[in-house]
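# this one's structure only:
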């Protein structure tokens, strides 16, 4: 599959089957994240693989994740992340986003579905999992096989023309 076919076929899965994710595929998804570029190669991403019943129960106390068998909690370590010079802006969230994008596309290539979720209270999630203050959760990514009746949202193919998002200077 070409990159453009891969990018076009990926969609937000909001209904997962109960089929387990093979360890080999999960490792490949995580490896894609490890290979992602980060600011000054600091690699501040911290990924927590939520799949044990206890961890899933803890997560469900904060946010439901569409019945996925695995959820990746993608965080950034603000103590090691690069800061944008002169404005003191931590780039951990940007790095986590790059890492997550790599993992989403890798999962799609492997036949797995994902969803980018940021509708949660980071502090509640951090408290629920007893994360140290420097580890900030930025997104949750349910991972698994899409349920048989799962389809992309009708909004999935709605894209504004390139001319509206790109300007040549």
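Great, that's in hand. This is a predicted model, so every value here is computed, not measured.
# Give me the buried positions along stretch 147-158.
Buried positions in stretch 147-158, judged by neighbour count with 16 or more other Cβ atoms under 10 Å: 147, 150. Placement of C-beta: from N, CA and C, glycine included.
# which residues touch that stretch?
With contacts defined as Cβ atoms under 8 Å, 6 or more residues apart in numbering, stretch 147-158 is touched by 11, 12, 13, 14, 15, 16, 17, 67, 113.
# What subset of those is buried?
11, 12, 13, 14, 15, 16, 17, 113.
# any chance of the residues you listed in a markdown table, with secondary structure too?
Formatted as a markdown table, those follow (DSSP: H, G, I helix; E, B strand; the rest coil):
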| residue | secondary structure |
| --- | --- |
| 11 | coil |
| 12 | strand |
| 13 | coil |
| 14 | coil |
| 15 | coil |
| 16 | strand |
| 17 | coil |
| 113 | strand |
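# quick one: which of those is nearest to residue 79?
residue 12 (31.6 Å; Cβ to Cβ).
# roughly how far apart are the nearest residue to the closest one once chain neighbours are set aside and residue 10?
In space, and not counting its chain neighbours, residue 12 is closest to residue 115: 4.4 Å by Cβ to Cβ, 6 or more residues apart in numbering. Look at residue 115 and residue 10: by Cβ to Cβ, to the nearest Å, they are 10 Å apart.
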